[in-house]
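In: Return atomic coordinates for the entry below.
(one chain, ligands or ions: 2)
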Amino acid sequence: MAIREILTVADHAAILKQVSEPVARVDDDLRALMDDMLETMYDAPGIGLAAIQVGVAKRVIVMDLAREGEDKQPRYFVNPEILWRSEDTLPYEEGCLSIPEIYDEVDRPARVRVRYLNYQGEQVEEEAEGLFAVCIQHEMDHLEGVLFIDYLSRLKRDRAVQKVKKLVRSAA
Ligand code: K1U
Ligand code: ZN
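Out: Ligands and ions are numbered 1, 2, ... in the order given. Okay, the predicted model is just below:
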């Protein structure tokens with residue numbers, strides 16, 4: 001397992017805008033990618049990560065919503081699809097490891113039904129609500145090249161990108 005570089009909007013905006021490709025087969029190579037992504041996410045730390053955030057344009061997401069002190073609950077989503085969205089929405093202050101230190105409120109459907117392949121390549125269907133619903137929709141947006149700042153005003157979005165550029169420059 002390895003910790004990979006997380007790409008940010010400061011210097012890898014074009015990659016993060018790519019639409020990711022479906023995965024043909026869940027095999028050991030894909031599981032190695034998912035293991036690396038999970039380790040990268042824990043190291044950041046974060047609660048979710050899409051493959052494009054480590055520069056791999058595949059429709060793969062990892063997530064762990066366990067609270068501090070709880071046992072780890074790693075989850076893997078390959079080729080996820082949203083089958084149903086609730087009419088009611090849930091506002092949530094979102095963050096993104098590709099847009100460090102920026103947080104803002106986004107309104108999304110409060111519940112969604114998702115279908116995906118798990119770590120073993122088995123098909124799973126389940127309903128997500130609360131933080132799970134927020135996070136899976138945020139991560140699935142990454143697969144379409146969409147970032148949470150795309151839901152904000154142009155002014156807020158431009159300011160966010162400038163702030164991240166400054167942050168990344170000062171860290172270099
Ligand atoms: O970049 C990402 O896609 C990961 C992102 C997921 C997310 C967070 C909040 C709302 C929607 C999606 C993050 O993990 S940001 C960091 C974060 O939320 C966090 C970090 C440490 C502890 C708890 C949360
Ligand atoms: Zn993100």
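In: so does the longest helix belonging to the chain get close to ligand 1?
Out: Longest helix of the chain, by residue count under DSSP state H: helix 154-171. No: Helix 154-171 does not reach ligand 1 (CB under 6 Å from any ligand atom); its nearest approach is 12.2 Å. All C-beta spots, glycine's among them, are computed from the backbone N, C-alpha and C.
In: Same question for that helix: list its buried residues.
Out: Applying a neighbour-count criterion of 16 or more other CB atoms under 10 Å, one finds Arg157, Ala160, Val161, Val164, Leu167 buried in helix 154-171.
In: Next: stretch 134-145.
Out: Buried-residue list, stretch 134-145, by 16+ other CB under 10 Å: Val134, Cys135, Ile136, Gln137, His138, Glu139, Met140, Asp141, His142, Leu143, Gly145.
In: Any chance of those in a markdown table with secondary structure, distance to ligand 1 and pLDDT as columns?
Out: Converted to a markdown table, these look like this (DSSP: H, G, I helix; E, B strand; the rest coil; distance: CB to the nearest ligand atom, whole Å; pLDDT from 0 to 100):
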| residue | secondary structure | distance to ligand 1 | pLDDT |
| --- | --- | --- | --- |
| Val134 | helix | 5 | 98 |
| Cys135 | helix | 5 | 98 |
| Ile136 | helix | 9 | 98 |
| Gln137 | helix | 8 | 98 |
| His138 | helix | 4 | 98 |
| Glu139 | helix | 6 | 98 |
| Met140 | helix | 10 | 98 |
| Asp141 | helix | 9 | 98 |
| His142 | helix | 6 | 98 |
| Leu143 | helix | 11 | 98 |
| Gly145 | coil | 13 | 98 |
